[in-house]
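can you look at this prediction? I've put the sequence above it.
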Amino acid sequence: MSSFRKALKSRQKNHHERSQPVSRKHLGLLEKKKDYKLRADDYHRKQNTLSALRKKALEKNPDEFYYKMISSQLQDGVHVAKKAEGEVVVTEEQKKLMRTQDIKYVEMKRVAEVNKIERLKGELHLLDTDTSAKNKHTFFVDSKKQVQSFNLAKHLNTAPELVHRAYNRPTLETLETKSIQGSVDPKSLKKMATMRKHLYKNLSQRIDRERKMFVISQKIQTRKDLQDKTKTVKVKNETANSAAIYKFEARRKR
């Protein structure tokens, strides 16, 4: 019987896996058993690695501790930090009051800067700046003829080159009797120029600081107004130099 089986096998054909038909080549390579074996081995290797990592995580040191274990909890599968027992809860009214105090503090600092700016302007005789109002010196005459023949340098008794100066305008007698350039040491002049430049720089910085404080107070006031439960429409976005502009719903005052 066994010899018959051997003879039967010798007459059998070797059955090979068919190749991809020409009509189905556009579907890609037809997977053979050897391809499936490689893919299955790779899948099982990855599953074994994940199982080993899970086992390692479960068998780690049970005494290990970190503060997130007690300061957070799971809510719907998401870690959420717990509120501390002594955590301060601030109401909307308290927030508005705090913003009001912030505005008052910023305004107080801004007014102090404005006062320092005015004092520096007075020291530096900034009479021709665009930020301050220009002073006017009016002269009255009796007739239109005198207006046409009016000589400002002669009237002020000074040199024509010094007429445009609003301060330190010496008269002709002073120029004749005293040597202004010779009485001042060049080193002193250089020192005075350096000091004057430093004061101008300080003034410029204070003006810039006052402008920034004004913008900060506007932004705080805008946030305070937005806390009121009214409908608002944003007209202009907030920038570094200006607060956001909102259009509030009109309310009838009682």
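Everything's here; your move.

C-alpha from now on. contacts and neighbour counts both.
Noted.

helices or strands up against the host helix or strand of Leu175?
Here Leu175, judged by DSSP states H and E, is contained in helix 172-177. Counting contacts by 3 or more CA pairs under 8 Å, 6 or more residues apart in numbering; DSSP states H and E, helix 172-177 packs against no other helix or strand.

helices or strands up against the helix or strand following it?
Moving toward the C-terminus from helix 172-177, the next helix or strand (DSSP H and E) is helix 186-226. Contact partners of helix 186-226 among helices and strands, from 3+ CA pairs under 8 Å, 6+ apart: helix 92-124.

and the angle from the helix it packs on to helix 186-226?
Angle of helix 92-124 versus helix 186-226, following axes from the mean of the first three to the mean of the last three CA atoms, to 10 degrees, is 160 degrees.

buried residues, helix 92-124. List them.
Along helix 92-124, these residues count as buried under the neighbour rule (16 or more other CA atoms under 10 Å): 96, 99-100, 102-103, 106-107, 110, 113-114, 117, 120-121.

what of stretch 208-217?
Within stretch 208-217, the residues that qualify as buried are 209-210, 212-217, counting by 16+ other CA under 10 Å.

what's that stretch in contact with?
For stretch 208-217, contacts defined as CA atoms under 8 Å, 6 or more residues apart in numbering pick out 103, 106-107, 109-110, 113-114, 241-243.

closest to Leu152 out of those?
If you rank the contacts of stretch 208-217 by distance to Leu152 using CA to CA, Val114 comes first, at 35.5 Å.

just the helices in the stretch 1-150 of the chain please.
Counting by DSSP state H, counting those that start in this stretch, the segments of the stretch 1-150 of the chain that form helices are 2-11, 33-58, 68-71, 92-124, 144-148.

one step back: for the helix holding Leu175, what is the distance to the chain centroid?
Mean C-alpha position of helix 172-177 versus that of the full chain (CA atoms, centre = their mean, to the nearest Å) differs by 58 Å.

and for stretch 137-151?
Its chain's C-alpha centre and that of stretch 137-151 lie 57 Å apart, by CA atoms, centre = their mean.
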